[in-house]
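Chemist: build me a structure from this.
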Amino acid sequence: MAKTELIDSHISVKQCTRAVHALHAYASKKQKEQEETELLPSNEQYVWLQVTVKRMHPEHKIKPFKIPLKHALIDPRVMPVCLITKDPQREYKDLLESHKIKFISRVVGITKLKGKFKSYEARRMLLKENGMFLADERVIPLLPALLGKKWFDAKKQPIPVCLTRKDLKGELERAIESTYMHQNRGTCTSVKIGLLSHAPEKILDNIKISLPAVVNNIKGNWDNIQSLHIKTNSSISLPIWTCELGAATGGRWDGMVQSKDAPEESTSDEDSDSNDTDMDLEEEVPEVPVSKGKSKGTKKPLAEIVEKPITPKEVKQKRSAEGAEKKKAKIVKGGPAKSAKAALIGKKPGRP
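Modeler: Numbering: from 1, shown residues only. All right, here's what the predicted structure looks like:
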């Protein structure tokens with residue numbers, strides 16, 4: 001019997017191929033139906049590798065991990081690439097010309113980013129006009145505050161590159177040909193591994209090349225991975241691998257031991273609750289003497305004489321009744337009521 005071909009000794013190539021073909025067929029059909037009803041062409045959809053881990057990463061890293069691909073996602077001949085550099089900007093433009101680098105469409109310095117692209121509208125146009133952003137690794141910590149959250153929402157975070165290397169052209173080419181994993185503090189991370197315009201075979205090749213690098217950059221490697229899925233921007237996710245749902249080595253609950261004190265506390269709490277209920281049942285309701293009419297010394301259970309909660313309507317009726325009784329008592333005590341005019345001038349009726 002032939003052995004099952006595996007990717008990184010874990011994922012079945014057969015299962016991965018079935019998932020890629022099913023996802024590509026479904027997403028292509030949906031995109032075709034959408035293009036028939038919309039006037040403007042839709043944006044290019046990516047194929048994502050979704051990694052779910054068992055334990056969250058303790059820290060958030062600004063610099064992403066570089067993941068190699070066999071088939072690049074960005075073509076500089078079609079999609080412009082912008083490079084963000086230190087000041088002065090002209091120095092790095094001359095550096096690109098000296099290395100005969102022509103696939104960088106635009107160079108923007110930090111000072112220009114703070115001045116010309118300070119307004120929201122200017123930054124939005126810069127984001128829209130370029131498909132990928134590279135940045136000098138020395139200015140990466142400054143960019144989140146200068147660019148704003150739109151770059152991160154659009155998944156176009158600037159990719160760090162080293163502009164001091166001798167092989168500058170090779171450094172920039174490798175940066176454009178790779179994909180990137182942005183480590184967060186959650187349990188789910190997504191990595192671009194292909195385009196919907198790619199053939200299913202190209203997407204599968206990218207999975208084979210990128211998967212070992214993705215796993216190596218996760219703390220705990222395969223022992224910390226719970227599941228792997230693939231999806232597009234708007235589709236459901238299809239599973240390609242899941243760990244065993246058990247406490248064995250590599251399983252879902254491996255290394256997660258329940259505290260020994262927890263069951264004892266829960267049982268003790270249950271016992272105390274049951275004892276309280278038993279005591280409540282055994283305790284008799286006391287009786288208090290209530291005098292009603294002429295009969296004295298008659299006793300009623302305490303539960304019967306406890307007042308019920310009064311509604312706002314009853315409170316209003318009670319206050320109006322008390323006010324009427326006080327007014328009536330005042331009239332009887334003080335004699336006939338004064339007229340309105342006499343009340344105003346402070347004189348009794350009948351006096352000149």
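
Chemist: which residues does A122 contact?
Modeler: Residues in contact with A122 (CB atoms under 8 Å, 6 or more residues apart in numbering) are K116. (Each C-beta comes from the backbone N, C-alpha and C, glycine too.)

Chemist: tell me which element it falls in.
Modeler: helix 120-129 (DSSP states H and E).

Chemist: the closest residue to G186 other than its chain neighbours: how many residues sit nearby?
Modeler: In space, and not counting its chain neighbours, G186 is closest to M56: 6.3 Å by CB to CB, 6 or more residues apart in numbering. Other residues within reach of M56, judged by other CB atoms under 10 Å, total 13.

Chemist: helix, strand or coil for M56?
Modeler: coil (DSSP: H, G, I helix; E, B strand; the rest coil).

Chemist: OK, contacts around it?
Modeler: 185-187 are the contacts of M56 under CB under 8 Å, 6+ apart.

Chemist: among those residues, which one has the most neighbours?
Modeler: T187 (14 neighbours).

Chemist: next, that one: phi, psi?
Modeler: phi -100, psi 0 (degrees, to the nearest 10).

Chemist: what's the answer for the one 3 residues further on, then?
Modeler: For S190, the backbone dihedrals are phi -120, psi 140 (criterion: degrees, to the nearest 10).

Chemist: the residue nearest to it when sequence neighbours are not counted and I207, how far apart?
Modeler: Among residues not flanking S190 along the chain, W48 sits closest, at 4.6 Å (CB to CB, 6+ apart). According to CB to CB, to the nearest Å, W48 stands 11 Å off from I207.

Chemist: now swap in S320 and tell me
Modeler: Counting by CB to CB - S320 and I207 are separated by 79 Å.

Chemist: comparing these two, which residue is more hemmed in?
Modeler: For the pair S320 and I207, the greater number of neighbours falls to I207 (26 against 10), based on other CB under 10 Å.

Chemist: below-threshold pLDDT in the chain: ranges please.
Modeler: 1-3, 246-310, 330-352 (pLDDT under 70).

Chemist: if we use 80, what do you get?
Modeler: 1-4, 38-43, 57-62, 244-313, 315-316, 326-352 (pLDDT under 80).

Chemist: kindly list the longest helix within it.
Modeler: helix 13-37 (DSSP state H).

Chemist: direction included, what does the following helix or strand past that helix pair against?
Modeler: Per DSSP H and E, the first helix or strand lying C-terminal to helix 13-37 is strand 46-53. Applying DSSP bridges, strand 46-53 is found paired with strand 188-195 (antiparallel), strand 225-232 (antiparallel).

Chemist: list the buried residues of the helix or strand following the first one.
Modeler: Past strand 188-195, heading to the C-terminal end, the next element that is a helix or strand (DSSP H and E) is helix 200-216. Neighbour-count burial for helix 200-216, with 16 or more other CB atoms under 10 Å as criterion, is recorded at 200, 202-207, 209-215.

Chemist: which stretches in this protein count as helices?
Modeler: Using DSSP H, helices in the chain cover 13-37, 89-98, 110-115, 120-129, 143-147, 150-153, 168-177, 200-216, 261-282, 302-305, 312-334, 340-345.

Chemist: quick one: buried residues of the first one?
Modeler: What that stands for is helix 13-37. 16-17, 19-20, 23-24, 27, 31.

Chemist: and what of the third one?
Modeler: The neighbour-count criterion (16+ other CB under 10 Å) identifies 110, 113 as the buried residues of helix 110-115.

Chemist: repeat that for the fifth one.
Modeler: The neighbour-count check on helix 143-147 (16+ other CB under 10 Å) flags 143, 147 as buried.

Chemist: coming back round to it: for I240, which of the helices of the chain is the nearest?
Modeler: helix 13-37 (4.9 Å; CB to CB).

Chemist: quick one: that closest one to helix 200-216, angle?
Modeler: Per axes from the mean of the first three to the mean of the last three CA atoms, to 10 degrees, the angle that helix 13-37 makes with helix 200-216 is 120 degrees.

Chemist: helix 13-37 packs against which elements?
Modeler: Under the contact criterion of 3 or more CB pairs under 8 Å, 6 or more residues apart in numbering; DSSP states H and E, helix 13-37 touches strand 6-7, helix 200-216, strand 225-232, strand 238-242.

Chemist: now do 6 Å
Modeler: helix 200-216, strand 225-232, strand 238-242 (3 or more CB pairs under 6 Å, 6 or more residues apart in numbering; DSSP states H and E).

Chemist: how far is that helix from where the chain is centred?
Modeler: 26 Å (CA atoms, centre = their mean, to the nearest Å).

Chemist: what of stretch 168-188?
Modeler: Counting by CA atoms, centre = their mean, stretch 168-188 comes out at 22 Å from the chain centroid.

Chemist: what residues does it touch?
Modeler: 52-53, 56-57, 60-61, 64-69, 72, 74, 99, 101, 134, 159, 161-162, 165, 191-192, 214 (CB atoms under 6 Å, 6 or more residues apart in numbering).
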